[in-house]
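Enquirer: the following comprises the amino acid sequence and a computationally predicted model.
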Amino acid sequence: MEKYLIANRGLVATSFIKTLNRLNKNSFLICSKEELDYYPPFISDNLILVDTHFTRYLEDEDLLIKVLVNNGIEGFIPGYGFKSQNSLFAVKCKKNGIRFIGPKPEKLEIASNKSKMKEIAALNFIPVVKGSTEIKNLDELKKHVENLKFPIILKPVNGWGSHNIKLIKSKSLLEQGYNSFMKKMQAIKGYYQKTFLAEEFIEEIREIEIPYLADCKGNHYILEPIENTIQKNRKKIISVSPVPNISKKIINRINDYAEKLLKVMDIKGVGVIEFFIDNKDNIYFNEINPTLPFNFPLIEEKNRISLTELLIDIFEGKEVKYPKPKDEIVMSINIVAEDVEVRETKGILDYFEFSPERNSYLLPVYRKGEKVSLLYDPLVGTMIVSGVSNDTIKKTGVANLETLVISGIGTNINNLKSLLNSKKIFNEKTTIADSEEILKEEKSNLDKESVAMIAATIFHQQNRGKSFNERSNFIEENLFDKITRKIFG
């Protein structure tokens, strides 16, 4: 097989292009003319241009199949997101002689359905969060919540990303929350969002992922668990492996659950099985993502493997050996552009410089002078740090972020430094709520600094040319406090 289409962008696309080049195979990305301006120049030779609006090829599967066939594509690599969990599209690929680089359609249909996977887990005595079966409309939702305790969350049965969930705090807000959630579901392109789930919301949780490899020769392997608890707006920004501050008993139990699910599902490829742990150390199965994991750079560094190459090997029928992981702790840090929040906006990466500390490196998505946009990827780059202790990797991570100079766009670098400087992170059983609280404190401190600067500016403007005594009167009248109270309300 020589020609692959990579249905992803950013680090996934770059990694697969490098892998396929190394294997002497051809790689391509699909792109509309509207998006072309946002694609980094270094991948321009790999683009298949389609003469349509980008939302059409995301939604029109027949158009996408036509593009693949007309360009002689033999293998479709979904990466993660997009079509990676779409079993109907996998069937269409098979009918048209295109190999879908992922699980068989019948396995993908089950694995990508959160409701079915919860049923399978429960039947195999694996705990799940209390919730509903599949729901189609508001009337069904109202019936299901009679058996649930508020607050609850709504989430798509199929779909990608915990940021697509909707939190509803009370029964009185149910209809309003439902309408908001459905509007968001309908806006997600490239997914089938016909049904959803309702679950009881557990505020104090940790998120643990179990990566796995499963070849077509009957071998499957559970890899070192990863903690993804450090998040912002339900998006992973700092991850670490192995999981800190957790007993071996709990890790063994999670691994046993993951092993059981892999055997029951008999699913092939690479992916992760996601679990939650509450503040009483109760374990809950959440979902299985049978695709290239978002955290693939961390998994590759920790296990000294190339997941992109293994994925190609598995679906070309090759046998996979169990990898030997590093003894060191490995952390990934995601640097994200934060002023690119709407599709029309863009920023130019005016300056990008990085002088890494020992045992660390940066995988950049963009280069100096390139445009950063949601039409390509808001992720600027992923930093990988290795070390012998949690404190070591945290200090190295902060030192790296101090040397990382980015201008032209806003980023989450200050957020990342605040999290890594916190004593809680990796030293206590930190929950998702804890990481969000740390970020709130950081924002509050930044607001206070901004107020102080505003007050100082007003002070100097209003007291130019005044005597020392007149300036002292201004201070005694507590005008700084008045300014602060006025700004904060």
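Expert: Ah, there it is. Numbers count the residues shown, from 1 in each chain.

Enquirer: what ranges do the helices span in the stretch 151-300 of the chain?
Expert: For the stretch 151-300 of the chain, the helices defined by DSSP state H, counting those that start in this stretch cover 174-187, 248-265, 296-303.

Enquirer: in CSV, list those along with mean pLDDT, distance to residue 423 and mean neighbour count.
Expert: Placement of C-beta: from N, CA and C, glycine included. Below are those laid out as CSV (pLDDT from 0 to 100; distance: least, CB to CB, whole Å; neighbours: other CB atoms under 10 Å):
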stretch, mean pLDDT, distance to residue 423, mean neighbour count
helix 174-187, 88, 36, 15
helix 248-265, 97, 23, 16
helix 296-303, 97, 23, 24
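
Enquirer: any idea of the mean pLDDT in stretch 352-368?
Expert: What stretch 352-368 shows for mean pLDDT is 89.

Enquirer: and it, what's buried?
Expert: For stretch 352-368, the neighbour count (16 or more other CB atoms under 10 Å) marks 352, 354, 356, 357, 360, 362, 363, 364, 365, 366 as buried.

Enquirer: of the residues you listed, which is the nearest to residue 56?
Expert: residue 365 (25.1 Å; CB to CB).

Enquirer: residue contacts, the residue lying closest to the closest one once chain neighbours are set aside?
Expert: The shortest distance from residue 365 to any non-neighbouring residue, by CB to CB, 6 or more residues apart in numbering, is to residue 10 (4.7 Å). By CB atoms under 8 Å, 6 or more residues apart in numbering, the residues touching residue 10 are 365, 376, 377, 379.

Enquirer: isn't the first one right up against residue 380?
Expert: Yes - with contact defined as CB atoms under 8 Å, residue 365 reaches residue 380; the gap is 5.9 Å.

Enquirer: picking up where we left off before, okay, among the contacts of residue 10, which ones form the most distant pair?
Expert: Largest separation among the contacts of residue 10 by CB to CB: 376 and 379, giving 9.5 Å.

Enquirer: which residues are in contact with each of those two?
Expert: Common neighbours of residue 376 and residue 379 (CB under 8 Å, 6+ apart) are 10, 365.

Enquirer: what stretches of the stretch 51-200 of the chain score poorly on pLDDT?
Expert: Confidence mapping of the stretch 51-200 of the chain against pLDDT under 70 gives the ranges 54-55, 159-163, 188-193.

Enquirer: let's see which of the contacts of residue 10 end up in helices.
Expert: Of the contacts of residue 10, none are assigned to helices by DSSP state H.

Enquirer: format the residues you listed as CSV; extra columns: distance to residue 184.
Expert: Output for these, formatted as CSV (distance: CB to CB, whole Å):
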residue, distance to residue 184
365, 25
376, 22
377, 20
379, 21
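
Enquirer: inside strands: which ones of those residues?
Expert: Those of the contacts of residue 10 mapping onto strands are residue 379, per DSSP state E.

Enquirer: lowest-confidence one in the contacts of residue 10?
Expert: Across these, the bottom pLDDT score, 80, is held by residue 376.

Enquirer: tell me how many other residues crowd the nearest residue to that one once chain neighbours are set aside.
Expert: Of all residues not flanking residue 376 in the chain, residue 38 sits nearest, at 4.5 Å (CB to CB, 6+ apart). If you count neighbours by other CB atoms under 10 Å, residue 38 ends up with 18.

Enquirer: how much space separates residue 38 from residue 378?
Expert: 11 Å (CB to CB, to the nearest Å).

Enquirer: between the contacts of residue 10, which is closest to residue 385?
Expert: The closest of these to residue 385 turns out to be residue 379 (CB to CB; 16.9 Å).

Enquirer: quick check, the closest one in contact with residue 338.
Expert: No - Residue 379 sits out of contact with residue 338 when judged by CB under 8 Å, with a separation of 11.2 Å.

Enquirer: higher neighbour count, these two?
Expert: When residue 379 and residue 338 are compared for neighbours, residue 379 comes out ahead with 21 against 17, by other CB under 10 Å.

Enquirer: so the more buried one versus residue 363, what's the distance?
Expert: Residue 379 is 10 Å from residue 363, where distance means CB to CB.

Enquirer: between the two, which contacts overlap?
Expert: Contacts common to residue 379 and residue 363, judged by CB under 8 Å, 6+ apart, are residue 11.

Enquirer: near residue 337, how many other residues are there?
Expert: Neighbours of residue 337 (other CB under 10 Å): 25.

Enquirer: per-residue pLDDT, it?
Expert: The per-residue pLDDT reported for residue 337 equals 89.

Enquirer: so what's it up against?
Expert: Residue 337 neighbours (CB under 8 Å, 6+ apart): 347, 372, 378, 379, 380, 409, 410, 411.

Enquirer: now do 7 Å
Expert: 347, 372, 378, 380, 409, 410, 411 (CB atoms under 7 Å, 6 or more residues apart in numbering).
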